[in-house]
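Chemist: model the following, please.
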Amino acid sequence: MATPLIGDDELDELERDFLARVRGRVLEIGAGDGENFGAFDPSVTWQGLEPDAKRRQELATRAREWRHESVPLDAKAEAIPLPDHSVDAVVGTYVLCSVTDPAAALAEVRRVLVPGGRVVFVDHVVAPDGTLKRFVQRVATPISKRVCHGCHWDRDTERTLVDAGFVGGDIRRLRVRSRPFGPVPMLLFDGRAPGG
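Modeler: Down below sits the predicted model:
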């Protein structure tokens, strides 16, 4: 079965739908400048993590505007400065492509989550083996790592999530229209940590 091809507006709607599912104490890793605030249920207790100082400053301003009390954490996903089992859900949009060590970041996510806690991740991912898109991703990644906040276009994020022990409940593999190199493979992953 062919992977569905969608546009940016449809992707935005799906992202908002996935993020709206989380409840309770929510940690957003690589929260950027706060673009996801409008998608969260108003009842969540939000905590953000953002290592980039300029983005974190904007994130703090927007967090106050959305009435979130916590100050964004100056940290990387590979070393989350929160206690074990302290959050109910962890979300990340376009962040697992850019962390230095995805396995270490997801180990930290598991550590801070309550048993059975929810994870929601949205990211562009590696294209299938033997495709022109995958070749382009492999060629582009050494450049994108340097100029796009460490972004790797060729990561198999679904495999990394599964290897970290997360169990997918709603997994969407999509292609999003893009030019000049054709559709971008995307993953939307709503799953759970073991236990609970």
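Chemist: need the next SSE after the lowest-mean-pLDDT helix or strand in the chain, C-terminal direction.
Modeler: One helix or strand of the chain scores below all others by mean pLDDT, DSSP states H and E: helix 132-147, with a mean of 67. Note on helix 132-147: by DSSP states H and E, the next helix or strand toward the C-terminus is helix 157-163.
Chemist: what lies in contact with that following helix?
Modeler: 96-97, 102-103, 106, 119, 121, 123, 125, 168, 171, 173, 187, 189, 191 (CB atoms under 8 Å, 6 or more residues apart in numbering). Bear in mind the C-beta positions are built from the backbone N, C-alpha and C, glycine included.
Chemist: report the separation between the spatially most central residue of the chain and residue 5.
Modeler: Closest to where the C-alpha atoms of the chain average out (CA atoms, centre = their mean) is residue 92, at 2.5 Å. As judged by CB to CB, to the nearest Å, residue 92 and residue 5 stand 24 Å apart.
Chemist: hang on, the residue nearest to the centre of the chain in a strand?
Modeler: Yes. The assignment for residue 92 is a strand, going by DSSP: H, G, I helix; E, B strand; the rest coil.
Chemist: dump the residue contacts of it.
Modeler: Applying CB under 8 Å, 6+ apart, we find residue 92 in contact with 28-30, 77, 120-123.
Chemist: equivalent analysis for residue 63, please.
Modeler: By CB under 8 Å, 6+ apart, residue 63 lies in contact with 34, 37, 46, 48, 70-72.
Chemist: cool, and residue 39?
Modeler: Applying CB under 8 Å, 6+ apart to residue 39 gives the contacts 15-16, 19-20.
Chemist: same thing with residue 32?
Modeler: 50, 52, 55, 59.
Chemist: secondary structure class of residue 128, three-state.
Modeler: coil.
Chemist: just checking: what are the partner strands of the longest strand anywhere in the chain?
Modeler: For the chain, the longest strand by residue count, based on DSSP state E, is strand 113-124. Its sheet considered, strand 113-124 pairs with strand 87-93 (parallel), strand 184-192 (antiparallel) by DSSP bridges.
Chemist: of the contacts of helix 157-163, closest to residue 181?
Modeler: Nearest to residue 181 among the contacts of helix 157-163: residue 125, at 14.9 Å, using CB to CB.
Chemist: ok, now which ones touch that closest one?
Modeler: 97, 155-158, 173, 185-187.
Chemist: quick one, which of those residues has the minimum pLDDT?
Modeler: pLDDT across those is lowest for residue 155, at 79.
Chemist: residue 26 belongs to a strand, doesn't it?
Modeler: Yes. Applying three-state DSSP, one finds residue 26 inside a strand.
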